[in-house]
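Undergrad: Show me the folded form of this:
(2 chains)
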Number of protein chains: 2
Amino acid sequence: MSSLEMIEAAATRLKGHARRTPLLGSPFLDEIAGRRVLVKPECLQHTGSFKFRGAWSAISALDPETRRRGVIAFSSGNHAQGVAMAATGHGIASVIVMPSDAPQLKIDNTRALGAEVVLYDRATESREEIGEALASERGLTLIRPYDEPQVIAGQGTTGLEIAEQAAELGIHRADVLVCCGGGGLTSGIALALEGHAPGLRARPCEPEGFDDTKRSLISGRIERNPSISGNICDAILTPQPGEITFPILQRLCGPGLSVSEDEALHTMALAFLRLKIVLEPGGAVALASALFRQDEIAGDAVIVVASGGNVDPDLFASALKHLR
Amino acid sequence: MSSLEMIEAAATRLKGHARRTPLLGSPFLDEIAGRRVLVKPECLQHTGSFKFRGAWSAISALDPETRRRGVIAFSSGNHAQGVAMAATGHGIASVIVMPSDAPQLKIDNTRALGAEVVLYDRATESREEIGEALASERGLTLIRPYDEPQVIAGQGTTGLEIAEQAAELGIHRADVLVCCGGGGLTSGIALALEGHAPGLRARPCEPEGFDDTKRSLISGRIERNPSISGNICDAILTPQPGEITFPILQRLCGPGLSVSEDEALHTMALAFLRLKIVLEPGGAVALASALFRQDEIAGDAVIVVASGGNVDPDLFASALKHLR
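TA: Modelled structure (predicted):
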């Protein structure tokens, strides 16, 4: 189980390695949202997303003998890059298993960060079988993307920083909107806030049509998405909330929020114009919820986690058309 | 005259008002530059550029009676927005004198930040005459963009932060590349580094063909640019180094560097891809110098100030084509 103590221990291990991201804001965004909006830009984290925190936490928590043999992950996205860079930072090997049709840039980036990329054919091969064979052959440790206590603890360090930064600004009661896929970031932040800022409440934000967490919180049991493709917010499309993350979300989070693809794109354009940061669609859904779902939020201030910025330049350029 | 003491006093006045921007970096940029590159993203400062620091410093340094009557500035760019927001933050009036052909977005933004915008016709009117008439009529204080000791002191707080952040990273010897127009930011940083990090040396970076500071440092006297238009790095096109800033630059700075428009655009694309920040062309010339003038730089690490991010979306989208 993940706990506040694990998050605090992760923060100690991450010190000097993960970036402490600032809290940004703009009077222009406050005007749209109808309240003060504070944005935690995890797109500025190493590898362009919060995933580096969880990866560093998990790898640094391994016993040295196990760690020395290396780690493995299944991902073609932000988790892959986070694990690759955290492994390289520890001087150990990482193997990332990716579908052979993953974008070449993602494959190249992950390799450049020091990982060995193993490609598999989605149609004919099972990534689990390939991964298990490699893991047992070489003694690699699997780093899961969210349903893993030390990963949740690492993501939770974002929440410790939010608690401190909000207190400095005199904000003691507010919703904290978090982009939510499997729930690692949201559950970690929720645990950190429970311990350090009990007036702040985490709320998961998702793309419309892929709001498994929102629906699970309503029904009280784990609900699935009909599919995990077909939406530009690819970074946060997961089949369902995690077995470890969901009970934490259920105990601590406020209701979920969801936004359209067009609202996510519009928000990317506003973040460009007003905050000078680059967000990917999945990294923009929490800010989009603050801007376009203001009736579902209470209070004079809202805190938003912008979880990542790994976006294709063409898609980003097309998002900027919202400013015309 | 500006001094380290004035910068330290400005830092005290700016505390809780200006943002302390982080130091960012990416192994991908290190690879291009051939050394470690650390980027101070002042595009994340309030109003999207470092100008807020100088404006807040100058306004907060006025005696209360003078300040109460309001301030005035001539600018259609980053200085205008910095002065407008800093004045509003002090609860006082600001008048910004802009040419009537300034982009509507800049006029609207400056008004939205609380300023009264007075437009003049570049062809038939003198902004100095209009400004002087308004200033004497209402008792407004003119806030100059760079040749003003308290403005230099405010920009110099960037240098205090760099000194601290570099020391935390164990960097005690490095060039600090700074985007340079009139020299307010560069001279302020140079003074701060002289006092707090004598192994760090400021160096001005400019657009090719508008390298008045670089040429002035070589000749030992103030040299002019042939023109102050005709380059996309508009934020840093000034006629010549300032009367106050130049002697500081001459005493403390290393040689100037200059880059092409295309290198500035390419750098904006790389900052998007690797740092997830938005830079304007003039705000990218220091990073461009680190990436594309590596033979003119010594040492294992270089620090770069990315001075602003107020860029038109269409120009930004076209810069991203460098990634294809």
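
Undergrad: mind checking the end-to-end distance for stretch A:170-179?
TA: Length of stretch A:170-179, first residue to last, CA to CA, to the nearest Å: 24 Å.

Undergrad: Now do the buried residues in it.
TA: The neighbour-count check on stretch A:170-179 (16 or more other CB atoms under 10 Å in any protein chain shown) flags A:I171, A:A174, A:D175, A:V176, A:L177, A:V178, A:C179 as buried. For the C-beta atoms, the positions are set from N, CA and C on the backbone; glycine is no exception.

Undergrad: now, which of these sits nearest chain B?
TA: Checking the buried residues of stretch A:170-179 against chain B by CB to the nearest CB gives A:I171 as the nearest, at 13.6 Å.

Undergrad: wait, isn't that closest one in contact with A:L193?
TA: No - the criterion here is CB atoms under 8 Å, and A:I171 misses it with A:L193 at 11.9 Å.

Undergrad: list residues touching both of those two?
TA: Common contacts of A:I171 and A:L193, defined by CB atoms under 8 Å, 6 or more residues apart in numbering or on different chains, comprise A:L200.

Undergrad: returning to that earlier point: which among the buried residues of stretch A:170-179 gets closest to B:A115?
TA: Set against B:A115, the nearest of the buried residues of stretch A:170-179 by CB to CB is A:I171 (27.6 Å).

Undergrad: which secondary structure elements does the strand ranked longest in chain A contact?
TA: Using DSSP state E to define each element, chain A has its longest strand at strand A:200-207. Counting contacts by 3 or more CB pairs under 8 Å, 6 or more residues apart in numbering or on different chains; DSSP states H and E, strand A:200-207 is packed against helix A:149-168, strand A:174-179, helix A:184-196, helix A:212-219, helix A:245-252, strand A:257-259, helix A:281-292.

Undergrad: Reformat those as CSV; add distance to chain B and mean pLDDT.
TA: What follows is the helices and strands packed on strand A:200-207, written out as CSV (distance: least, CB to the nearest CB, whole Å; pLDDT from 0 to 100):
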stretch, distance to chain B, mean pLDDT
helix A:149-168, 8, 98
strand A:174-179, 15, 98
helix A:184-196, 17, 98
helix A:212-219, 25, 98
helix A:245-252, 25, 98
strand A:257-259, 20, 98
helix A:281-292, 9, 98
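
Undergrad: what's around the closest residue to A:C179 other than its chain neighbours, how many residues?
TA: Of all residues not flanking A:C179 in the chain, A:S307 sits nearest, at 4.1 Å (CB to CB, 6 or more residues apart in numbering or on different chains). A count of neighbours around A:S307, defined by other CB atoms under 10 Å in any protein chain shown, yields 34.

Undergrad: who's in contact with A:L185?
TA: Shown in contact with A:L185 (CB under 8 Å, 6+ apart): A:F50, A:G54, A:Y146, A:Q155, A:T158, A:V178, A:C179, A:V305, A:S307.

Undergrad: now A:G77
TA: If you count contacts by CB under 8 Å, 6+ apart, A:G77 has them with A:K106, A:D234, A:A235, A:N310.

Undergrad: So which of those residues are in helices?
TA: A:K106 (DSSP state H).

Undergrad: Using the three-state scheme, assign A:P226.
TA: coil (DSSP: H, G, I helix; E, B strand; the rest coil).

Undergrad: where's the residue lying farthest from the centre of chain A relative to chain B, distance?
TA: Going by CA atoms, centre = their mean, the residue of chain A most distant from its centre is A:E137, 30.6 Å out. A:E137 sits 29 Å away from chain B, going by CB to the nearest CB, to the nearest Å.
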